[in-house]
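Enquirer: My questions are about this predicted structure, shown below with the sequence.
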Amino acid sequence: MNFLRSLLLLFLLLSTISSFSQKKNKTIKIIVLNEKNVPFQHVTVQLFLAKNSNSVQTVKTDNKGIAIFTQPTPGTYFFNAKAVGYETYKTNIIKSPFVLNSLTIRILPTSQLLKEVIIEGNKP
């Protein structure tokens with residue numbers, strides 16, 4: 001009985017140590033606001049590698065206008081935010097590991113108007 005208790009204690013101690021040694025993934029929170037400074041949901045936010053513009057991660061904002069990205073490997077990156085009817089927003093180039101915990105992006109409606117559509121049909 002004493003042996004089992006000692007074995008259990010050793011197991012618990014080792015599992016606690018291993019959980020502390022696991023590296024936590026650092027994240028950066030992107031907050032997207034519209035032209036009225038209201039959180040903007042369903043915006044596509046992408047993280048690109050600066051040297052070749054390859055997409056690294058893509059996340060849609062939630063109902064609070066937040067997209068959470070995990071820290072990429074060290075390098076230079078930029079974020080891109082886009083939504084239908086709004087201008088695409090591109091951040092300045094930033095280095096990873098990121099110093100900031102969050103970044104706020106404000107996107108504006110496009111000033112381009114759609115052309116008129118005429119629908120014609122014949123009765124069968």
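Expert: That came through, no problem.
Enquirer: List the contacts of S96.
Expert: When contacts are counted by CB atoms under 8 Å, 6 or more residues apart in numbering, S96 touches Q71, P72, T73, P74, G75, T76, Y77. Every C-beta, even on glycine, is put in place using the N, C-alpha and C of the backbone.
Enquirer: Those residues: which two are farthest apart?
Expert: Within these, two members stand farthest from each other by CB to CB: Q71 and T76, at 13.6 Å.
Enquirer: For E35, what are phi and psi?
Expert: Main-chain dihedrals, E35, degrees, to the nearest 10: phi -60, psi -20.
Enquirer: Quick check: it touching R106?
Expert: Yes: when contacts are counted by CB atoms under 8 Å, E35 is listed as touching R106 (7.4 Å).
Enquirer: Hmm, N80 is touching F48, no?
Expert: Yes: if you go by CB under 8 Å, N80 and F48 touch, sitting 6.2 Å apart.
Enquirer: measure stretch 43-62 end to end?
Expert: End-to-end distance for stretch 43-62, by CA to CA, to the nearest Å: 8 Å.
Enquirer: just stretch 69-83 next, same as before
Expert: 18 Å.
Enquirer: same thing with stretch 41-59?
Expert: End to end - CA to CA - stretch 41-59 spans 11 Å.
Enquirer: Need the contact partners of that stretch.
Expert: 30, 32, 60-65, 67-70, 72, 75-83, 86, 93, 105, 107.
Enquirer: Low-confidence bits of the chain, can you list those?
Expert: 1-24, 112-114 (pLDDT under 70).
Enquirer: which stretches of it form strands?
Expert: 27-33, 44-49, 55-60, 66-70, 75-82, 89-90, 94-96, 102-106 (DSSP state E).
Enquirer: which one of those has the most crowded surroundings?
Expert: strand 44-49 (a mean of 20; mean count of other CB atoms under 10 Å).
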